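>>> Let's see this in three dimensions:
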Amino acid sequence: MAPPPIPTPRIEQAILLIRGHRVLLDEDLASLYGVSTGRLNEQVKRNRRRFPEDFMFQLTPKEWDNLRSQFATSSWGGRRYPPHAFTEQGVAMLSSVLQSDRAIEVNIEIMRAFVRMRQVLASHAELARKLAALERKYDKRFQAVFEAIRQLMTTPVTKLRPIGFHHRDSAKKS
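Purely as a prediction, here's the structure:
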């Protein structure tokens, strides 16, 4: 029986930003690879030298609590230790540790997801630059309008008499 296809949208949704790094958690990776989280972490532990701190790190208990509260997961049961977070380089290194056809396919899709994410972020940065340029351009063009508004704001307002009907008797009684 062939393994199910790799769910690319699920990969993209599983990528989190933690400590300024885009990462995938060990349990998400294990699910994608079709192995248990324990098995994945066992292989990582056996090959610890392949996973320096910039490839993989373990979440602090506080980070793990914050993540669980964001996902509204139950605090009953589950893990004894906070999960490991794998950066893009750590995920690439996993392909040398988990040697299966499924691991190769999953890693290819994960790398593609990271590339797409970088492309989207780059396009947003380019859009922000263009918007800033337009704002500078239009600030210069509308200088006269801004100046006229400033003059209107500083022009003293003359005292005007109240508008509306006022009965003289009711004003004297109060």
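
>>> List the buried residues for stretch 55-73?
By neighbour count, and taking 16 or more other CB atoms under 10 Å as the criterion, the buried residues in stretch 55-73 are Phe55, Met56, Phe57, Leu59, Glu63, Trp64, Leu67. For every residue, glycine as well, the C-beta is placed using N, CA and C.

>>> what's across from the residue nearest to Phe57 when sequence neighbours are not counted in the sheet?
For Phe57, the nearest residue in space outside its immediate sequence neighbours is Ala85; the separation is 5.7 Å by CB to CB, 6 or more residues apart in numbering. For Ala85, the beta-bridge partners are Leu25, Phe57 (DSSP bridges).

>>> ok, Ala85 touching Leu17?
No - taking contacts as CB atoms under 8 Å, Ala85 lies outside contact range of Leu17: 10.3 Å.

>>> what sits in contact with each of those two?
By the contact definition CB atoms under 8 Å, 6 or more residues apart in numbering, Ala85 and Leu17 are jointly contacted by Val23.

>>> Please report the distance of the residue nearest to Phe57 from Pro61.
Distance of Ala85 to Pro61, given as CB to CB, to the nearest Å: 14 Å.

>>> And the residue nearest to Phe57, how close does it get to Arg136?
For Ala85 relative to Arg136 (CB to CB), the value is 40 Å.

>>> all helices of this protein, in order?
For the chain, the helices defined by DSSP state H cover 8-14, 26-33, 37-46, 61-71, 88-97, 101-141, 143-154, 168-173.

>>> Make a markdown table out of the ones you listed and add distance to Arg79.
A markdown table is the format used below for those (distance: least, CB to CB, whole Å):
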| stretch | distance to Arg79 |
| --- | --- |
| helix 8-14 | 17 |
| helix 26-33 | 8 |
| helix 37-46 | 8 |
| helix 61-71 | 8 |
| helix 88-97 | 19 |
| helix 101-141 | 22 |
| helix 143-154 | 58 |
| helix 168-173 | 75 |
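
>>> looking at those, which is buried most?
Among the helices of the chain, helix 26-33 has the highest mean neighbour count (mean count of other CB atoms under 10 Å), at a mean of 21.

>>> so what does it touch, helix or strand wise?
Contacts defined by 3 or more CB pairs under 8 Å, 6 or more residues apart in numbering; DSSP states H and E place helix 26-33 against helix 8-14, helix 37-46, strand 84-86, helix 88-97, helix 101-141.

>>> could these be laid out in TSV, adding distance to Arg22 and mean pLDDT?
What follows is the helices and strands packed on helix 26-33, written out as TSV (distance: least, CB to CB, whole Å; pLDDT from 0 to 100):
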stretch	distance to Arg22	mean pLDDT
helix 8-14	11	81
helix 37-46	19	92
strand 84-86	10	94
helix 88-97	7	87
helix 101-141	7	77
